[in-house]
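Participant: Just need the structure, nothing else, for what follows:
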Amino acid sequence: MSLFSAISVSASGMEAQRTRAELLVENLANAETTRTPEGGPYRRKDAVFQTQAAELPFHSILTAQLQQQAPGVGVSEITVDQSEPQKHYMPGHPDADKDGYVAMPNVNPAEDMVDLIGASRTYQANVAAISAVKDMIQHSIDLFR
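Facilitator: Numbering: from 1, shown residues only. This is a model prediction of the structure:
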């Protein structure tokens, strides 16, 4: 694996974690949303990751030299929770049913905050990997001077 493909792999990881973080923030922002345009409470969303070929800026040159493509990560799909919403007894709420229960989203803010911290740290790890590769390239250039 070349240094440039290592950068591409880390960049794909950063993009996947950014998408994951966006979904987690959306879940947190809508943790109390009981009415959506689709009807009913907000449904939590999750990113599903899958190995995919990393896109290389100089793909044709590197592929010819390496005869392989570095694997990366990407979001293969975004799933929407289809489970039954949680029922909370809130008789005065405008969205309460005839028995006084309100359908609430299946969002656990504490769990999503932990996942958001994990996404942030994974993103930072990919940034550190890119920085290390950049330093290796710079040291290689300095050796040829």
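
Participant: partners of the helix or strand hosting residue 49 in the sheet?
Facilitator: Using DSSP states H and E, the element containing residue 49 is strand 45-53. With DSSP bridges as the test, strand 45-53 is paired with strand 71-80 (antiparallel).

Participant: Can you tell me what sits against the next helix or strand along the chain from the strand it pairs with?
Facilitator: Next along the chain after strand 71-80, taking DSSP H and E as the criterion, comes strand 86-89. For strand 86-89, contacts defined as CB atoms under 8 Å, 6 or more residues apart in numbering pick out 100, 101, 102, 103, 104, 105, 106. Heads up, the C-betas are built off the backbone N, CA and C, glycines and all.

Participant: what are the phi and psi values for the residue lying closest to the fourth one once chain neighbours are set aside?
Facilitator: Counting by CB to CB, 6 or more residues apart in numbering, the nearest residue to residue 103 once its immediate chain neighbours are dropped is residue 85, at 4.0 Å. Geometry field for residue 85 lists phi and psi as phi -70, psi 160, criterion degrees, to the nearest 10.

Participant: residue nearest the centroid of the protein?
Facilitator: residue 20 (1.8 Å; CA atoms, centre = their mean).

Participant: Any regions of this protein where pLDDT drops low?
Facilitator: Counting by pLDDT under 70, the chain has low-confidence residues at 1, 53-70.

Participant: The helix ranked longest in it to strand 71-80, inter-axis angle?
Facilitator: Using DSSP state H to define each element, the chain has its longest helix at helix 109-143. Interaxial angle, helix 109-143 versus strand 71-80 (axes from the mean of the first three to the mean of the last three CA atoms, to 10 degrees): 160 degrees.

Participant: re earlier: mind listing what the residue nearest to residue 103 touches?
Facilitator: Applying CB under 8 Å, 6+ apart to residue 85 gives the contacts 40, 41, 103, 104, 105, 106.

Participant: Give the PyMOL command for selecting the buried subset of those residues.
Facilitator: This is the PyMOL syntax for the buried subset of those, where burial follows 16 or more other CB atoms under 10 Å:
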select buried, resi 41+103+104+105+106
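
Participant: so can I have TSV of the contacts of residue 85 showing distance to residue 120?
Facilitator: Shown next, in TSV, are the contacts of residue 85 (distance: CB to CB, whole Å):
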residue	distance to residue 120
40	31
41	27
103	31
104	27
105	23
106	23
